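Participant: with the input below, show me the fold.
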Amino acid sequence: MKITTLEEFERLLKLWKELYVLDDVFYHKIISELTLEVSPKTAYSFLIRFLELWGVRRAAIDISPRELSEKILHLKQMLIKMDMSILTANFEDMENEIIKVFEGICRVKKVGPTSASKILHLLRPNLFVMWDTDIAKKFNVGMSPDGYLKFLRKCQDMLKRILELYRQNGISDPESYLFNKFGKPLTKLLDEYNWLSTRRWRERIEDLN
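Facilitator: Model prediction:
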């Protein structure tokens, strides 16, 4: 998947900001308050509720908060080491760990590849990017642990290209520019762009302006 212009990138980010005001409030609350000390109650009130709101409600209602909490605590030491930016991550060195945490989260009953990416993003928002079937298809990767690793690598390359385009346009610190403008980590902004660019109904909404 390639970005065509910075104008297109920001146009979709602005569209998200207009459409999903309440969703963003909940998102900001989660990433500001969630830690790896996830109790069953926290797993429900933050993670499972997020899944319900973010399009996987049917699966989310059957996820056990206790099982999810125990799995995250089991993976805690690996997740601690993943507190880093996707821009600087060495995915070759981290390959085994990323596959293990992705597989581990997917072992929770009713948690599939889409839900796993969302849970991992909330736990480590600067590294993991959310995806779904349509996005994986656009990136030409399978919905599997190996496919998710390939997806992260492609996202890293894509973000680096985006930031370089901003530099070429005279913005010396594009990461700060985007955070000041949209208030979210690069991984979330890329997810918003990926998600909206793969929705067929988007043009109908844009025509309402």
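
Participant: quick one: R57 and K137, what's the gap?
Facilitator: R57 is 22 Å from K137, where distance means C-beta to C-beta, to the nearest Å. In short, each C-beta sits where N, CA and C put it, glycine included.

Participant: now do K17
Facilitator: Relative to K137, and taking C-beta to C-beta, K17 is found at 26 Å.

Participant: can you check V25 too?
Facilitator: 30 Å.

Participant: neighbour-wise, which of these two wins?
Facilitator: Taking neighbours as other C-beta atoms under 10 Å, V25 and K137 compare with K137 leading, 14 against 10.

Participant: quick one: contacts for the more buried one?
Facilitator: T198 (C-beta atoms under 8 Å, 6 or more residues apart in numbering).

Participant: what do you get for the one 10 residues further on?
Facilitator: With C-beta under 8 Å, 6+ apart as the criterion, the residues that contact G147 are 113, 136, 141.

Participant: hang on, isn't the first one packed against D146?
Facilitator: This means P113. No - with contact defined as C-beta atoms under 8 Å, P113 does not count as touching D146 (11.1 Å).

Participant: between these two, who's got more neighbours?
Facilitator: Counting neighbours by other C-beta under 10 Å for P113 and for D146 shows that P113 has the greater number, 21 against 13.

Participant: any idea where the helices of this structure begin and end?
Facilitator: Here the chain has its helices, by DSSP state H, at 6-19, 21-33, 40-42, 49-53, 57-60, 65-74, 76-80, 91-106, 113-123, 133-138, 145-168, 174-182, 186-197, 202-206.

Participant: can I get the ones you listed in CSV including mean pLDDT?
Facilitator: As requested, the helices of the chain are exported to CSV (pLDDT from 0 to 100):
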stretch, mean pLDDT
helix 6-19, 93
helix 21-33, 95
helix 40-42, 96
helix 49-53, 92
helix 57-60, 80
helix 65-74, 97
helix 76-80, 97
helix 91-106, 97
helix 113-123, 97
helix 133-138, 96
helix 145-168, 97
helix 174-182, 97
helix 186-197, 96
helix 202-206, 60
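
Participant: L13 reaches E192, doesn't it?
Facilitator: Yes - the pair L13 / E192 is scored as a contact, 5.8 Å apart, by C-beta under 8 Å.
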